[in-house]
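Novice: okay, sequence plus prediction incoming.
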Amino acid sequence: MEQIVFDESRLKDVLKTALIEVLEERRALFSELFTEALEDIALIHASKEGETTKATSKEEIYRIIEAKA
């Protein structure tokens with residue numbers, strides 16, 4: 001069986017090309033995954049921030065939301 005030998009820069013080029021093709025062909029899927037990951041990160045930060053702030057009543061939250069609407 002014939003063995004193929006790549007040098008490091010050629011291998012990097014091939015991998016970059018393959019990754020770009022996959023990203024272009026599956027743009028919507030990657031966009032959705034990236035969006036979900038960012039939302040998860042934001043939720044984690046909000047949760048950690050919530051642990052260090054005082055509690056607020058539902059009424060206060062509704063008042064703030066309605067004032068911005």
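Specialist: It's in. Numbering: from 1, shown residues only.

Novice: quick one: contacts of the longest helix along the chain?
Specialist: Secondary structure of the chain per DSSP state H: the longest helix is helix 27-51. Outside of helix 27-51, the residues within contact range by C-beta atoms under 8 Å, 6 or more residues apart in numbering are residue 23. Where you see a C-beta, it was placed from the backbone N, CA and C, and this is true even at glycine.

Novice: how far is it from where the chain is centred?
Specialist: 6 Å (C-alpha atoms, centre = their mean, to the nearest Å).

Novice: beyond that helix, next helix or strand please.
Specialist: Heading C-terminal from helix 27-51, the first helix or strand you meet, by DSSP states H and E, is helix 58-68.

Novice: how about low-confidence regions in this structure?
Specialist: 1 (pLDDT under 70).

Novice: one more time with 80, if that's ok
Specialist: Within the chain, the stretches with pLDDT under 80 are 1-6, 69.

Novice: and the gap between residue 15 and residue 47?
Specialist: From residue 15 across to residue 47, the span is 36 Å (C-beta to C-beta, to the nearest Å).

Novice: secondary structure class for residue 2?
Specialist: coil (DSSP: H, G, I helix; E, B strand; the rest coil).

Novice: if I look at it, how far off is residue 59?
Specialist: Distance of residue 2 to residue 59, given as C-beta to C-beta: 75 Å.

Novice: so between the two, which is more surrounded?
Specialist: residue 59 (8 against 3; other C-beta atoms under 10 Å).

Novice: neighbours of residue 40, just the number please.
Specialist: 10.

Novice: let me redo that: residue 41
Specialist: The burial count for residue 41: 10, using other C-beta under 10 Å.

Novice: one more: residue 48?
Specialist: So residue 48, with other C-beta under 10 Å, has 9 neighbours.

Novice: cool, and residue 5?
Specialist: Residue 5: 6 neighbours (other C-beta under 10 Å).

Novice: likewise for residue 30?
Specialist: Neighbours of residue 30 (other C-beta under 10 Å): 13.
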